[in-house]
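**Q** Pasting the sequence and the predicted coordinates here, then a few questions.
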Amino acid sequence: MRVGPSMLYAKTGCGDKCGNVRIPYPFGIGVECSLNQSYIIDCNSSTPYLRALKQLQVLDIDLKNLTVIVNMPKIFDCQNPVRSSSQTTWLDLSESPFLFSMSHNKFVFEGCGSAAMIDNGGALTACSTTCLNNTLNHRNKCFGSPCCQSAIPHHLKSFTINMERQEGNGVCGSAFLVDKTSYDHRTFSIKTTSFIPVSILWTINYKQTNKQVTLTCYDNTAPQKRKVDMFDDTLMDTWICDADSLEGNPYLIDGFSDHAPISKYAKTRCKDICGNVTIPYPFGIGARCSINH
């Protein structure tokens with residue numbers, strides 16, 4: 001595959017990077033460069049912030065996974081060394097097109113006692129630890145003492161965290177939702193940080209755009225509808241531009257430059273390699289790159 005100049009990621013006339021973070025459309029630096037107000041990025045001192053989420057710092061935006069990773073405050077419980085219980089509400093996403101991602105986050109409790117994520121009065125997930133001493137492991141490794149972790153059952157708009165510390169133990173506890181990859185690969189230090197990377201799923205629907213149709217994908221193609229699993233087995237519609245088999249930004253009509261990668265094996269603007277295997281047409285990576293389904 002021959003590779004030419006860089007692909008297009010932002011709208012024409014808009015910057016596509018803030019510091020070291022790429023800002024692809026539908027996000028954009030400023031009002032004119034984003035799909036709508038929910039996707040505005042403020043770039044201050046080379047650091048990107050998502051205006052719609054109380055100026056949380058943006059660490060990464062992924063077009064394929066439909067996620068934006070933001071830094072969120074970690075919840076502590078450092079009361080007197082007696083049995084104590086505390087409950088804290090995290091950021092409420094109800095009025096936004098964002099959700100806490102089910103597949104890219106996990107719930108972690110570090111401390112002595114138990115912690116639970118609660119939504120609408122019911123427990124979503126919980127875990128507990130038993131401590132024999134007051135030493136916490138700050139190396140992002142969770143083996144049950146004094147740390148536990150669990151998956152979350154679905155995408156969330158909001159939740160509260162309830163922590164109950166073990167009686168007679170004065171160790172500070174912390175509970176948080178965290179991006180799995182960041183936590184497992186130790187891209188931050190639990191001991192020294194008060195902010196945690198969290199993966200937020202972003203969605204697009206036509207009601208949010210205030211027009212009948214405003215989202216048009218590459219080459220003037222129509223977006224595809226996808227269902228998002230919500231609480232109580234309800235499903236929410238979101239619209240996406242297929243990014244699985246393409247190079248560049250499928251959310252831009254001209255998201256693939258005239259000098260996009262050219263393959264002698266695959267259809268135009270399609271990838272021809274999966275791992276070490278060449279995928280020639282009529283086979284293809286993704287529906288639009290193969291001869292049929």
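**A** Good, I have the coordinates.

**Q** going forward, measure contacts and count neighbours with C-alpha atoms only.
**A** Will do.

**Q** And the contacts of stretch 22-40?
**A** Stretch 22-40 is contacted by residues 9-11, 14-17, 41-43, 50-52, 60-61, 63, 96-97, 209, 249, 251-252 when judged by Cα atoms under 8 Å, 6 or more residues apart in numbering.

**Q** Pull out the buried residues from those.
**A** Applying 16 or more other Cα atoms under 10 Å to these, the neighbour count classes 9-11, 14-17, 41-43, 50-52, 60-61, 63, 97, 249, 251-252 as buried.

**Q** Filter these down to the ones in strands?
**A** 17, 41-43, 50, 60-61 (DSSP state E).

**Q** could I get those residues as TSV with distance to Trp239 and pLDDT?
**A** Listed next are these as TSV, based on distance: Cα to Cα, whole Å; pLDDT from 0 to 100:
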residue	distance to Trp239	pLDDT
Lys17	24	95
Ile41	21	97
Asp42	24	97
Cys43	27	97
Leu50	21	96
Asp60	21	96
Ile61	17	97
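
**Q** which one of those is nearest Pro146?
**A** Asp60 (30.1 Å; Cα to Cα).

**Q** now stretch 64-83: mean pLDDT?
**A** The average of the pLDDT scores along stretch 64-83 is 75.

**Q** Could you break the chain into its assigned domains?
**A** 1-63+203-226+233-259, 71-194, 263-293 (automatic domain parsing).

**Q** what does the helix or strand containing Val198 rub up against?
**A** Val198 belongs to strand 195-202 when elements are defined using DSSP states H and E. The contact list for strand 195-202, computed with Cα under 8 Å, 6+ apart, reads 59, 66-74, 97-101, 104-105, 176-179, 182.

**Q** cutoff 6 Å now
**A** Residues from elsewhere that reach strand 195-202 (Cα atoms under 6 Å, 6 or more residues apart in numbering): 66-74, 98-101, 178-179.

**Q** Run a quick neighbour tally on the closest residue to Pro280 other than its chain neighbours.
**A** The shortest distance from Pro280 to any non-neighbouring residue, by Cα to Cα, 6 or more residues apart in numbering, is to Tyr265 (4.5 Å). Number of residues near Tyr265 (other Cα atoms under 10 Å) recorded here: 18.

**Q** what pLDDT does Tyr265 get?
**A** 79.

**Q** Lys106 too?
**A** So Lys106 comes in at 93 (pLDDT).

**Q** Can you classify it by secondary structure?
**A** strand (DSSP: H, G, I helix; E, B strand; the rest coil).

**Q** Quick one: neighbours of it, just the number.
**A** There are 22 residues near Lys106, going by other Cα under 10 Å.

**Q** In contact with it, which residues?
**A** By Cα under 6 Å, 6+ apart, the neighbours of Lys106 are 150-151, 177-178.

**Q** swap the cut-off to 8 Å and go again
**A** Applying Cα under 8 Å, 6+ apart, the residues near Lys106 are 149-152, 177-180.

**Q** of these, buried ones?
**A** Judged by 16+ other Cα under 10 Å, buried ones among the contacts of Lys106: 149, 151-152, 177-180.

**Q** Among these, which ones are in strands?
**A** Those of those lying in strands (DSSP E): 149, 177-179.

**Q** Just the closest of the residues you listed to Cys127, please.
**A** Nearest member of these to Cys127, counting by Cα to Cα, is Gln149, at 6.5 Å.

**Q** OK, contacts around the closest one?
**A** Residues near Gln149 by Cα under 8 Å, 6+ apart: 106-109, 127, 142.

**Q** With distance to Thr234 added, can I get these in CSV?
**A** Putting the contacts of Gln149 into CSV (distance: Cα to Cα, whole Å) gives the following:
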residue, distance to Thr234
Lys106, 21
Phe107, 22
Val108, 26
Phe109, 28
Cys127, 26
Cys142, 32
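
**Q** from those, which would you call buried?
**A** Buried among the contacts of Gln149 by 16+ other Cα under 10 Å: 106-109, 127, 142.

**Q** between the residues you listed, which is nearest Met236?
**A** Distances from Met236 to the buried ones among the contacts of Gln149, taken by Cα to Cα, are shortest for Lys106, at 21.5 Å.

**Q** What residues are bridge-paired with that closest one?
**A** Val178 (DSSP bridges).

**Q** chain center to stretch 175-190: distance?
**A** Chain-centre distance of stretch 175-190: 13 Å, with Cα atoms, centre = their mean, to the nearest Å.

**Q** Just the buried residues of it, please?
**A** 175-180, 182-183, 188, 190.
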